[in-house]
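K.L.:
Build the 3D model from these lines:
(one chain, ligands or ions: 1)
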Amino acid sequence: MIEITDLRHGVLSIPSLSIPPGLTVVSGKNGAGKTTLLKICSGIVLPDSGSVSIDGPSPRLQNVGYVSEFPDRHLLFPIVFEEIASSLRFAKIPQARIEEKVLQTAEDAGITHLLKRECRTLSGGEKMLVGITAAVIHDPILLVLDEPDSHLDPETVEDLCSFISSRHISYVMWSSHSVSLRQKADFEVRL
Ligand SMILES: Nc1ncnc2c1ncn2[C@@H]1O[C@H](COP(=O)(O)OP(=O)(O)OP(=O)(O)O)[C@@H](O)[C@H]1O
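P.N.:
Residues are numbered from 1 along each chain as shown. Coordinates of the predicted model:
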């Protein structure tokens, strides 16, 4: 479980919340605190008070993949292949294994044709898919997606759901205004 206890930060005040494994959609009006909650659950922001744990440890001690709603902010490397390979390089995985994993994961995500492209020349939706592929490749316990569907067409959102489901990630937190995504979710946090 992701356990949230006595959380207070900006607009957020959550006395107690247990998020089960599976797909959790985080919904709510503009300014309700969706991004704030996602950043706290991924360990990017420490709350003013209260705590979050993921199967026991705090998010900063866990392997978490985070993709912001602004794809330009999370792509750090010039070429797509290098962006997707980056977390494996940081983990000192052998080069041959990195190449194998990047090629397979990109194929599963449907973005093989982008691997040699310069990140700066990608469309908003392509940047989002590259960011998500980079976030899942190192098998995070929690994948956090901040409104990816605002950049993606409905068919690509369907493909993305299948891709993410195939990765067997314990927890996926996805903020969205989409009714159809909320219907697919195992759990909803409505702010
Ligand atoms: N660093 C910050 N300093 C001060 N206020 C902030 C900061 N970040 C967010 N806020 C405020 O906190 C509130 C919640 O912001 P947040 O981005 O979490 O909302 P959201 O639900 O994701 O909104 P949206 O749907 O518009 O993306 C907003 O009123 C926002 O202005």
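
K.L.:
domains of this structure?
P.N.:
1-63+139-190, 75-138 (the TED database).

K.L.:
Which pLDDT value belongs to residue 49?
P.N.:
The model reports residue 49 with a pLDDT of 95.

K.L.:
hey, what's the closest residue in space to it that isn't next to it in sequence bridged with?
P.N.:
In space, and not counting its chain neighbours, residue 49 is closest to residue 8: 4.8 Å by CB to CB, 6 or more residues apart in numbering. Glycine gets a C-beta too; all of them are placed from N, C-alpha and C. For residue 8, the beta-bridge partners under DSSP bridges are residue 13, residue 49.

K.L.:
shouldn't residue 8 be in contact with residue 51?
P.N.:
No - assessed by CB atoms under 8 Å, residue 8 is found out of contact with residue 51, at 10.9 Å.

K.L.:
Give me the residue at the spatial middle of the protein.
P.N.:
Nearest residue to the geometric centre of the chain (CA atoms, centre = their mean): residue 144, 2.9 Å.

K.L.:
still on that earlier bit, could the domains of the chain be laid out in TSV, adding distance to the ligand?
P.N.:
Formatted as TSV, these follow (distance: least, CB to the nearest ligand atom, whole Å):
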stretch	distance to the ligand
domain 1-63+139-190	3
domain 75-138	15
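
K.L.:
is it possible to export these to TSV including distance to residue 69?
P.N.:
What follows is the domains of the chain, written out as TSV (distance: least, CB to CB, whole Å):
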stretch	distance to residue 69
domain 1-63+139-190	4
domain 75-138	9
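
K.L.:
for the helix or strand of the chain with the lowest mean pLDDT, packing partners?
P.N.:
The weakest-scoring helix or strand in the chain, judged by mean pLDDT, DSSP states H and E, is helix 179-184 (a mean of 85). When contacts are defined as 3 or more CB pairs under 8 Å, 6 or more residues apart in numbering; DSSP states H and E, helix 179-184 packs onto strand 22-27, helix 154-166.

K.L.:
ok, then the element right after the longest one?
P.N.:
What it means is helix 154-166. Using DSSP states H and E, the helix or strand that follows helix 154-166 in sequence is strand 171-175.

K.L.:
Okay, angle between that following strand and strand 22-27 too, please.
P.N.:
Between strand 171-175 and strand 22-27, the angle comes out at 20 degrees (axes from the mean of the first three to the mean of the last three CA atoms, to 10 degrees).

K.L.:
Can you tell me the strand partners of strand 171-175 and which way each runs?
P.N.:
Counting by DSSP bridges, strand 171-175 is paired with strand 22-27 (parallel), strand 142-146 (parallel).

K.L.:
What residues of the longest one count as buried?
P.N.:
Neighbour-count burial for strand 22-27 flags 23, 24, 25, 26, 27 (criterion: 16 or more other CB atoms under 10 Å).

K.L.:
can I get the CA coordinates of that strand in PDB?
P.N.:
Output of strand 22-27 as PDB, limited to C-alpha atoms (Å, rounded to 0.1, in the frame of the first residue of the first chain):
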ATOM      1  CA  GLY A  22      -2.900  -1.100  -9.500                       C
ATOM      2  CA  LEU A  23      -3.900   2.000 -11.500                       C
ATOM      3  CA  THR A  24      -4.900   5.000  -9.400                       C
ATOM      4  CA  VAL A  25      -6.400   8.000 -11.100                       C
ATOM      5  CA  VAL A  26      -5.900  11.400  -9.400                       C
ATOM      6  CA  SER A  27      -8.700  13.700 -10.400                       C
END
